[in-house]
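Visitor: dropping the sequence and predicted coords here.
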Amino acid sequence: MTVLAHLAAKPSQSRGRFHPETDDGPRGPRDIFQRDRDRIIHSVAFRRLRHKTQVFVAPDGDHYRVRLTHSLEVAQIGRTIARALGLNEDLTETLCLAHDLGHPPFGHAGEDALQEATADAGGFDHNGHTIRIVTRLETPYAGFDGLNLSWEALEGLAKHNGPVGEPGWALAEANADFDLELDSWPSLEAQVAAIADDIAYDNHDVDDGLRAGLIDIQSLREVSLVRRHWQAIVDRTGELHPDKMQRALVRDLIGTMVGNVIAETIRRTEEAGAGSIAEVRSAGRPLVGFSEELATEEQALKQYLYDHLYDARELRSVRAEAQRVVSDLARVYRDRPSLLPEEWRSSEGNISQVRLVSDFIAGMTDRFAIAQHQQLVGPVELPDRF
């Protein structure tokens with residue numbers, strides 16, 4: 001399908017990379033966005049996502065999502081939408097795979113603790129740190145630091161949630177080097193990556209929450225979107241084994257959301273009269289999203305998850321302990337930078353050193369952070385289940 005192909009990012013029209021590159025050496029038949037995707041997949045930061053929290057901290061269960069599996073699921077959904085709309089699948093996949101690279105250990109709990117611990121040096125946010133990783137901290141190339149991603153990939157990572165009016169220090173630093181036009185909307189590929197993230201975590205957190213026993217199907221069926229799909233499955237197949245019903249529910253919810261986004265995106269782009277990528281960026285609103293009716297239902301599902309899963313009593317103590325681990329590590333490394341590996345020590349003053357401490361901790365996996373805390377501070381008390 002080529003419905004919106006005229007609005008797709010074109011490799012041949014890319015604004016290029018900050019550091020010019022030649023085609024010296026064996027490169028293979030890949031365009032600029034395909035290389036972006038491959039640079040993400042082969043990065044150290046991407047590999048670390050296999051041991052970083054999605055919902056559950058350092059989960060023992062083999063069936064729970066972690067940041068890596070979440071990112072792969074986002075990429076699958078994103079590619080499906082991009083293909084149906086005729087957008088660039090490789091750029092979409094790049095953004096989906098990279099969108100969570102900046103998360104510290106223990107997910108949002110770790111992020112909150114790291115933000116507080118480094119507030120005097122500008123603080124921390126995972127989106128800005130993703131940009132910092134791909135522009136500075138990953139160092140696989142001889143001639144420059146960073147992955148040297150295309151302008152379109154950097155723009156999409158910086159703005160996938162929309163224009164950025166007040167960028168944090170990390171994003172502002174990168175933007176000063178390579179102007180990402182932070183006051184405009186991003187490409188449709190970036191907008192698809194953002195909605196694919198929502199679809200993935202809405203539905204896969206339902207799956208994991210049910211599997212962990214933190215939410216129950218009876219209360220979940222009070223949510224109109226779930227109730228409607230559950231009844232449709234019963235009408236279609238009859239009552240199934242609970243595990244099969246759960247999987248069918250998640251599958252159908254994803255299918256409905258994906259189909260709705262495709263139809264709504266076509267409607268919005270036609271309504272806006274967008275005839276070029278420049279007009280997408282200047283549209284003044286997102287052109288990818290749910291219809292008004294489904295958006296209302298999706299928000300109700302999100303609220304249910306916040307009330308019954310993310311804020312579950314069983315997870316509160318886990319989050320508190322995770323935040324203690326990050327806070328303690330930040331304090332120790334700030335007080336004694338000599339405990340850091342040599343490459344993470346700064347000679348440029350306190351702010352620079354605090355930011356390097358933040359970089360070092362943010363790069364940790366859950367289990368490495370726990371091990372460092374046990375070595376430098378003391379025991380960590382986390383329940384086996386979560």
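Guide: Nice, I can see it. Numbers count the residues shown, from 1 in each chain.
Visitor: for residue 79, which non-adjacent residue is closest in space?
Guide: Residue nearest to residue 79 in three dimensions, not counting chain neighbours: residue 89, with 5.1 Å by CB to CB, 6 or more residues apart in numbering. Where you see a C-beta, it was placed from the backbone N, CA and C, and this is true even at glycine.
Visitor: show me the contacts for that neighbour.
Guide: With contact set as CB atoms under 8 Å, 6 or more residues apart in numbering, residue 89 has these partners: 79, 82, 83.
Visitor: the second one contacts residue 96, correct?
Guide: This means residue 82. No: at 9.3 Å, residue 82 and residue 96 do not qualify as touching, with contact defined as CB atoms under 8 Å.
Visitor: more crowded one of these two?
Guide: For the pair residue 82 and residue 96, the greater number of neighbours falls to residue 96 (32 against 27), based on other CB atoms under 10 Å.
Visitor: and the more buried one, how far from residue 149?
Guide: 14 Å (CB to CB, to the nearest Å).
Visitor: next: residue 80.
Guide: 23 Å.
Visitor: these two: who's more crowded?
Guide: Using other CB under 10 Å as the criterion, residue 80 and residue 149 rank with residue 149 on top: 27 against 21.
Visitor: what's the local residue count around residue 360?
Guide: 19.
Visitor: host element of it?
Guide: Using DSSP states H and E, residue 360 maps to helix 350-362.
Visitor: low-confidence stretches in the stretch 51-200 of the chain?
Guide: 57-63 (pLDDT under 70).
Visitor: residue boundaries of the strands in it?
Guide: Counting by DSSP state E, counting those that start in this stretch, no segments of the stretch 51-200 of the chain form strands.
Visitor: in it, which spans are helices?
Guide: 67-85, 89-98, 107-117, 126-132, 151-159, 169-177, 188-212 (DSSP state H, counting those that start in this stretch).
Visitor: follow-up on the earlier one: what does the helix holding residue 360 contact?
Guide: 102-105, 114, 117-118, 120-122, 124, 126, 129, 132, 137, 169, 326, 329-330, 333-334, 337, 340-341, 344-346, 369.
Visitor: again with stretch 321-331
Guide: By CB under 8 Å, 6+ apart, stretch 321-331 touches 53, 57, 104-106, 109-110, 112-114, 116-118, 357-358, 361, 369-370, 372-373, 376-377, 380-382.
Visitor: just the buried residues of that stretch, please?
Guide: 321, 322, 323, 324, 325, 326, 327, 328, 329, 330 (16 or more other CB atoms under 10 Å).
Visitor: flag every buried residue along the helix or strand hosting residue 249.
Guide: Following DSSP H and E, one finds residue 249 within helix 242-272. By 16+ other CB under 10 Å, the buried positions in helix 242-272 come out as 245-246, 248-250, 252-254, 256-258, 260-262, 264-265, 268-269.
Visitor: again, but for stretch 179-189
Guide: Under 16+ other CB under 10 Å, the buried positions of stretch 179-189 are 180, 182, 184, 185, 186, 187, 188, 189.
Visitor: quote the end-to-end distance of that stretch.
Guide: Start-to-end span of stretch 179-189 (CA to CA, to the nearest Å) is 19 Å.
Visitor: state the distance from the residue lying farthest from the centre of the chain to residue 226.
Guide: Distance from the centre of the chain peaks at residue 238, with 36.6 Å (CA atoms, centre = their mean). Residue 238 is 18 Å from residue 226, where distance means CB to CB.
Visitor: then residue 203?
Guide: 10 Å.
Visitor: between these two, which contacts overlap?
Guide: In contact with both residue 203 and residue 226: residue 253, using CB under 8 Å, 6+ apart.
Visitor: tell me the domain ranges of this protein?
Guide: Following automatic domain parsing, one gets these domains for the chain: 31-184+319-376, 188-313.
Visitor: now stretch 129-147: buried residues?
Guide: 129, 130, 131, 132, 133, 134, 135, 136, 137, 138, 146, 147.
Visitor: which residues touch the second one?
Guide: Contacts for residue 130 (CB under 8 Å, 6+ apart) come out as 98, 99, 100, 101, 102, 157.
Visitor: quick check: the farthest pair among the residues you listed?
Guide: Using CB to CB, these span at most 10.4 Å, a distance reached by 100 and 157.
Visitor: those two - which one has more neighbours?
Guide: Remark: of residue 100 and residue 157, residue 157 carries more neighbours, 29 against 22, as counted by other CB under 10 Å.
Visitor: contact partners for the more buried one?
Guide: 95, 98, 99, 127, 130, 131, 134, 149, 190.
Visitor: ok, it to residue 129 distance?
Guide: Taking CB to CB, one finds residue 157 at 11 Å from residue 129.
Visitor: now the helix holding residue 249 and helix 67-85, what's the angle there?
Guide: Put simply, helix 242-272 runs at 50 degrees to helix 67-85, going by axes from the mean of the first three to the mean of the last three CA atoms, to 10 degrees.
Visitor: low-confidence bits of the stretch 201-350 of the chain, can you list those?
Guide: In the stretch 201-350 of the chain, no residues with pLDDT under 70.
Visitor: surely residue 131 and residue 158 touch.
Guide: Yes: if you go by CB under 8 Å, residue 131 and residue 158 touch, sitting 5.8 Å apart.
Visitor: joint contacts of these two?
Guide: 171, 174.
Visitor: list just the nearest of the contacts of residue 130 to residue 293.
Guide: residue 99 (26.7 Å).
Visitor: which of the buried residues of stretch 321-331 sit farthest apart?
Guide: 321 and 330 (15.2 Å).
Visitor: burial count for the closest residue in space to residue 198 that isn't next to it in sequence?
Guide: Among residues not flanking residue 198 along the chain, residue 298 sits closest, at 7.4 Å (CB to CB, 6+ apart). The tally of other residues near residue 298 (other CB under 10 Å) stands at 22.
Visitor: can you put the buried residues of stretch 179-189 in a markdown table and add distance to residue 213?
Guide: Output for the buried residues of stretch 179-189, formatted as a markdown table (distance: CB to CB, whole Å):
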| residue | distance to residue 213 |
| --- | --- |
| 180 | 43 |
| 182 | 43 |
| 184 | 45 |
| 185 | 41 |
| 186 | 39 |
| 187 | 41 |
| 188 | 39 |
| 189 | 38 |
